[in-house]
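Participant: mind folding the following:
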Amino acid sequence: MRRRHLPSLTGLHCFEAAARHLSFTRAADELSLTQSAVSKQVSQLEMTLQHPLFRRVRKRLHLTPEGAVYLSEARKILAQVEMSTRYMQSYGVEADVLNVATLPTFGARWLIPRLNGFRFKHPSINLNISNRSEPFDMQKERIEIAFFFGHGVWPRAECIKLLDEEVVPVCAPSVMSQTDVNDPLALTKMILLQVSTRPEAWHDWFEAQQLYTEHSYHGPRFDTFYMALRAARAGCGVALVPRFLAQEELDEGKLVIPWPFSLNSQDAYYMAYPEHMADLHKVKSFTEWIKARL
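Facilitator: Numbering: from 1, shown residues only. Predicted structure coming up:
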């Protein structure tokens, strides 16, 4: 679409305000414009879209079906513009922003406690941290640091091993007291809590003990280990989680290990960054900070 056929931001603002108030006059007051200016902007927008956005019924303004559809799109556009503007106002120079992607529960339980003091040591580096559970392209997503669980291989990236993983079953003390756990299969009576990113977890745990149960894949399913841990604490069943993620609750007695078998995972947790960014100050500063806290 040619630029002259695209609507202006002013037009989008006028349309959004008029649709929210269902009044050109009130939209004009909000935007510090005249009523005729708002009406003209909306008319130009309708000409661009080749669809009517409003209709008048008994001197009252109503959105047309096309207007209702476009209102949703316009709000997304305006929100994105505002978010992008705030992003730049907050962070300033792009080179000082370090985009970090992490596994949700790993980020909350392991990474964030290790960031204490980083801002004081490196005041010019602004961290932008997001959760990522699925594989992604670091270059396309503009991610400079990624924390992941796997074999330690990431395309066109350097990977630093952080820690191994040991998974253990955990449940609330009240659940433990209701079940006589004489062998691992007794855990199936507690309800096995599943984690979507580890569909084979319970099967592998039982298999490592030369056991099989048809219940390995049965039970409530959660997106993250954090949700599974919360469900276990609430007495919803028994979760199979990395020990270090549950250590806080185990130390406080809010969770217990109902059967003392732990399974060492073949994969591990890693920190990765693009090879061509290895010498960037912000990347080097961050990776050295994390390595010093292993």
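
Participant: now do the helices in this structure.
Facilitator: 9-21, 24-31, 35-49, 65-91, 104-106, 118-121, 138-141, 173-177, 201-207, 225-233, 243-252, 281-291 (DSSP state H).

Participant: partner residues bridging Asn264?
Facilitator: Note on Asn264: beta-bridge partners by DSSP bridges are Glu166.

Participant: that one contacts Glu166, doesn't it?
Facilitator: Yes. Between Asn264 and Glu166 there is a contact under Cβ atoms under 8 Å: 5.5 Å. Where C-beta positions appear, they are placed from N, C-alpha and C, glycine not excepted.

Participant: and the end-to-end length of stretch 133-153?
Facilitator: 16 Å (Cα to Cα, to the nearest Å).

Participant: which residues does it contact?
Facilitator: Contact partners of stretch 133-153, identified using Cβ atoms under 8 Å, 6 or more residues apart in numbering, comprise 98-104, 106-107, 111, 132, 154, 156-157, 159, 161-162, 165, 197, 223-224, 267-274, 277, 280, 282-283, 286-287.

Participant: I'd like the average pLDDT over it.
Facilitator: Computed over stretch 133-153, the mean pLDDT rounds to 93.

Participant: and that stretch, which residues are buried?
Facilitator: Buried residues in stretch 133-153, counted by 16 or more other Cβ atoms under 10 Å: Ser133, Met138, Ile143, Glu144, Ile145, Ala146, Phe147, Phe148, Phe149.

Participant: again with stretch 187-202
Facilitator: When neighbours are counted by 16+ other Cβ under 10 Å, the buried residues of stretch 187-202 are found to be Leu187, Thr188, Met190, Ile191, Leu192, Leu193, Gln194, Val195, Thr197, Arg198, Ala201, Trp202.

Participant: may I have that stretch exported as CSV, CA atoms only?
Facilitator: C-alpha atoms of stretch 187-202 as CSV (Å, rounded to 0.1, in the frame of the first residue of the first chain):
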residue,chain,number,x,y,z
LEU,A,187,2.4,-41.6,44.0
THR,A,188,-0.2,-42.3,41.3
LYS,A,189,-2.9,-42.2,44.0
MET,A,190,-2.0,-38.6,44.7
ILE,A,191,-2.7,-37.3,41.2
LEU,A,192,0.4,-36.7,39.0
LEU,A,193,0.7,-33.1,38.0
GLN,A,194,2.0,-32.6,34.5
VAL,A,195,4.1,-29.8,32.9
SER,A,196,3.5,-29.1,29.2
THR,A,197,7.1,-28.6,28.3
ARG,A,198,8.1,-32.0,29.9
PRO,A,199,5.4,-34.4,28.7
GLU,A,200,7.7,-37.5,29.2
ALA,A,201,8.8,-36.5,32.7
TRP,A,202,6.8,-38.9,34.8
